[in-house]
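Peer 1: Fold the following, please.
(chains A and B)
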Number of protein chains: 2
Amino acid sequence: MTDVQQDLDTYLEARKEVIDGAIARFLPGEDNFPPLLFRAMRYSVFAGGKRLRPILCIAAAEAVGGVMETVLPAACALELIHTYSLIHDDLPAMDNDDYRRGMLTSHKVFGDAVAILAGDALLTEAFHLLSAKELTDRFPPENALTVIREVSEAAGCFGMVGGQVVDIMSEGKRVDLSTLHDIHTRKTGAMIRASVRTGAILAGAAAETLQSLTDYGDYVGLAFQITDDVLDVEGDREQLGKETGADQSRRKATFPALIGVEASREKTRELVAMALGAIDSLDEKADPLRWIAGFIGERKK
Amino acid sequence: MTDVQQDLDTYLEARKEVIDGAIARFLPGEDNFPPLLFRAMRYSVFAGGKRLRPILCIAAAEAVGGVMETVLPAACALELIHTYSLIHDDLPAMDNDDYRRGMLTSHKVFGDAVAILAGDALLTEAFHLLSAKELTDRFPPENALTVIREVSEAAGCFGMVGGQVVDIMSEGKRVDLSTLHDIHTRKTGAMIRASVRTGAILAGAAAETLQSLTDYGDYVGLAFQITDDVLDVEGDREQLGKETGADQSRRKATFPALIGVEASREKTRELVAMALGAIDSLDEKADPLRWIAGFIGERKK
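Peer 2: Predicted structure coming up:
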């Protein structure tokens, strides 16, 4: 492990801790009624996860001079949306996955009905956080509204949900590279882009900087998904906490399946380089974004 | 049919037409990709429905001097949330209903996966509409943020979703009146209250008036749910477009089951009187709210 790698790990671990603490504070506790629902919401949110989206949101805010604490509710909201999407994706009606990150999926623990509703509640709670006074009192209200507009667009029919429908419809079919690109862009890319933009918009990024950060978000988003595909083929089951080869057995289109593992790795390297290039003009406050891009290129889980 | 009844029917019909037109305009069309998702979203939204929540939102706005057109995106957002909740409630994992309003339910037409995702998309689209420039440019941004905060609270774990979990957990169990009251308040009441408040807040209601309208919303919300329970026992299958007696066969707690049909009707009459009393001090601009309260007391479907 190099020193840079170790610094990055320390950085990511520290951020994850802050974010986990904030989510624990923002999410209603299990002492609420009915406890089952609140337990299910917390179970999936705290079933692991890299907190990539909140980390990107915070790093983007800091890159333009913002302060971590002020954007935390928004950062956490992004993670709630991510978690809801995993709960619904794992349902028997969809991917029918029993495990995620080494733990039983929500519906295996709480049943389908409560899993669906816990997902619904997390999605709804995300918008409650994005409109929370704790957030909106600290920024111009127009910025908060812009973020809600962008996040809802990224998460909805033109973004994540639409991508999931295309993904389901494509199972077992021959999918070309442009369709796969479309699936990835909508299913993962849109929310990663929105995460970067959320931090930047709240912190008041100028138009040109916002565009650089958006490009960065687009490149790391696709790079992240391609490494995800590669890890599904080559990753270590222990490290990933889920079965590998799942995409293949389900006949899902992936980058490795279409262009091969080596070309997928090369594509990731290119995208990481493009992400770094996009924020070339930003000063050292953007360094965490540079580290994250590197991490995405190299990640093993 | 009395003249008053006819006037009310004309009023409700005219409002429904405006709202349906607005939803058709605001909801993305089936020419978007993948058409299946957009078709599923539209299918359920246009599978009938009284548009009670948007009508209440508009009437509350008008009661305090607001203009219908300006609150339409918010009014429609409330209907999208209502529709999403019906799609998810009808799923095999929940109530497993094949018909709603005389039409096949979403999952019977599109399958469980697309039904779940169409619900997710409608919920997300609601927040997109609540933050749409078309709405937010017309009101102080703080008012728009307050509405998003309130609607997300009413729809989420402390409101509608929480109520649905309590409802599911109570099936087949002895439920007392206070638990039933809690289920109704959260599952239906919270969003009806939020509908009234949304219109009033956007239109800038003064604190005291907002409180009167909130009380009105609480009373009509509960009255609405009790008549729903009664109609499930006594209603006409043809008029309702769904099987009656469903609650009983599912051993769901209802007001008629706990206190009898006659006492339920009496309770409804009381609540309608209290709703009217709550807005007694408002001028004739609040008359539509008065008509709607009367309609809820008398409705046959």
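Peer 1: Could I get the full set of strands for chain A?
Peer 2: A:99-100, A:103-104 (DSSP state E).
Peer 1: and the last one, which strands flank it?
Peer 2: Partner strands for strand A:103-104, per DSSP bridges, with pairing direction: strand A:99-100 (antiparallel).
Peer 1: Quick check: which ranges of chain A have low pLDDT?
Peer 2: Chain A contains residues with pLDDT under 70 at A:1-2, A:235-251, A:301.
Peer 1: ok so, going back, most tightly surrounded among the strands of chain A?
Peer 2: strand A:99-100 (a mean of 19; mean count of other Cβ atoms under 10 Å in any protein chain shown). Just so you know, the C-beta spots here come from the backbone N, C-alpha and C atoms, and that holds for glycine as well.
Peer 1: quick check, distance from that strand to the centre of its chain.
Peer 2: 17 Å (Cα atoms, centre = their mean, to the nearest Å).
Peer 1: what's the answer for stretch A:197-216, then?
Peer 2: Centre-to-centre, stretch A:197-216 and its host chain are 17 Å apart (Cα atoms, centre = their mean).
Peer 1: can you list contacts of that stretch?
Peer 2: Contact with stretch A:197-216 is made by A:56-67, A:70-71, A:74-75, A:78, A:135, A:139-140, A:143-144, A:146-147, A:150-151, A:193, A:196, A:217, A:274-275, A:278-279, A:281-282, A:289, A:293, as judged by Cβ atoms under 8 Å, 6 or more residues apart in numbering or on different chains.
Peer 1: Show the end-to-end separation of that stretch, please.
Peer 2: Its first and final residues considered, stretch A:197-216 spans 10 Å by Cα to Cα, to the nearest Å.
Peer 1: Can you name the residues of the stretch 1-150 of chain A sitting close to chain B?
Peer 2: A:28, A:32-34, A:36-38, A:41, A:84, A:88, A:91, A:93-94, A:111-114, A:116-117, A:119-121, A:123-125, A:127-128, A:130-133, A:136, A:141-142, A:144-146, A:148-149 (Cβ under 8 Å from any Cβ of the partner chain).
Peer 1: if I pick the spatially most central residue of chain A, what's in contact with it?
Peer 2: Nearest to the mean C-alpha position of chain A, by Cα atoms, centre = their mean, lies A:Arg53 at 4.3 Å. By Cβ under 8 Å, 6+ apart, the contact list for A:Arg53 reads A:Ala75, A:Leu78, A:Glu79, A:His82, A:Met191, A:Ile192, A:Ser195.
Peer 1: Out of the residues you listed, which is nearest to A:Ser178?
Peer 2: A:Ser178 lies nearest to A:Ile192 out of the contacts of A:Arg53, by Cβ to Cβ, at 19.7 Å.
Peer 1: Would you quantify the distance from that closest one to A:Leu52?
Peer 2: 7 Å (Cβ to Cβ, to the nearest Å).
Peer 1: Could you tell me which residues touch both of the two?
Peer 2: A:Phe224.
Peer 1: Just give me the neighbour total for the residue lying closest to A:Ala275 once chain neighbours are set aside.
Peer 2: Spatial nearest neighbour of A:Ala275, excluding adjacent residues (Cβ to Cβ, 6 or more residues apart in numbering or on different chains): A:Tyr219 at 3.7 Å. Using other Cβ atoms under 10 Å in any protein chain shown, A:Tyr219 has 25 other residues around it.
Peer 1: Hmm, A:Tyr219 is touching A:Thr268, no?
Peer 2: No. Applying Cβ atoms under 8 Å as the test, A:Tyr219 and A:Thr268 come out as separate, 10.0 Å apart.
Peer 1: mind listing which of the residues of the stretch 1-150 of chain A next to chain B are in helices?
Peer 2: Cross-referencing those against helices under DSSP state H gives A:36-38, A:41, A:84, A:88, A:112-114, A:116-117, A:119-121, A:123-125, A:127-128, A:130, A:133, A:136, A:141-142, A:144-146, A:148-149.
Peer 1: quick one, longest helix in chain A?
Peer 2: The helix that spans the most residues within chain A, counting by DSSP H, is helix A:207-234.
Peer 1: Mind listing what's buried along that one?
Peer 2: A:209-210, A:212-233 (16 or more other Cβ atoms under 10 Å in any protein chain shown).
Peer 1: Stretch A:253-266 too?
Peer 2: Across stretch A:253-266, burial judged by 16+ other Cβ under 10 Å covers A:Ala253, A:Thr254, A:Phe255, A:Pro256, A:Ala257, A:Leu258, A:Ser264, A:Arg265.
Peer 1: swap in stretch A:294-301?
Peer 2: A:Gly294, A:Phe295, A:Ile296, A:Gly297, A:Arg299.
Peer 1: you'd agree the third one is up against A:Ala223?
Peer 2: Yes. A:Ile296 lies in contact with A:Ala223 (Cβ under 8 Å); the separation is 5.2 Å.
Peer 1: Overlap of the contact sets of the two?
Peer 2: Contact criterion Cβ under 8 Å, 6+ apart; residues bridging A:Ile296 and A:Ala223 by contacting each: A:Thr268, A:Val272.
Peer 1: distance from the centroid: which residue in chain A tops it?
Peer 2: Among residues of chain A, the one most distant from the C-alpha centroid is A:Phe33; the distance is 29.1 Å, by Cα atoms, centre = their mean.
Peer 1: Looking at the contacts of A:Arg53, spot the one nearest chain B.
Peer 2: Set against chain B, the nearest of the contacts of A:Arg53 by Cβ to the nearest Cβ is A:Met191 (11.3 Å).
Peer 1: Hmm, the closest one is touching A:Phe158, no?
Peer 2: No. The pair A:Met191 / A:Phe158 is not scored as a contact, 11.9 Å apart, by Cβ under 8 Å.
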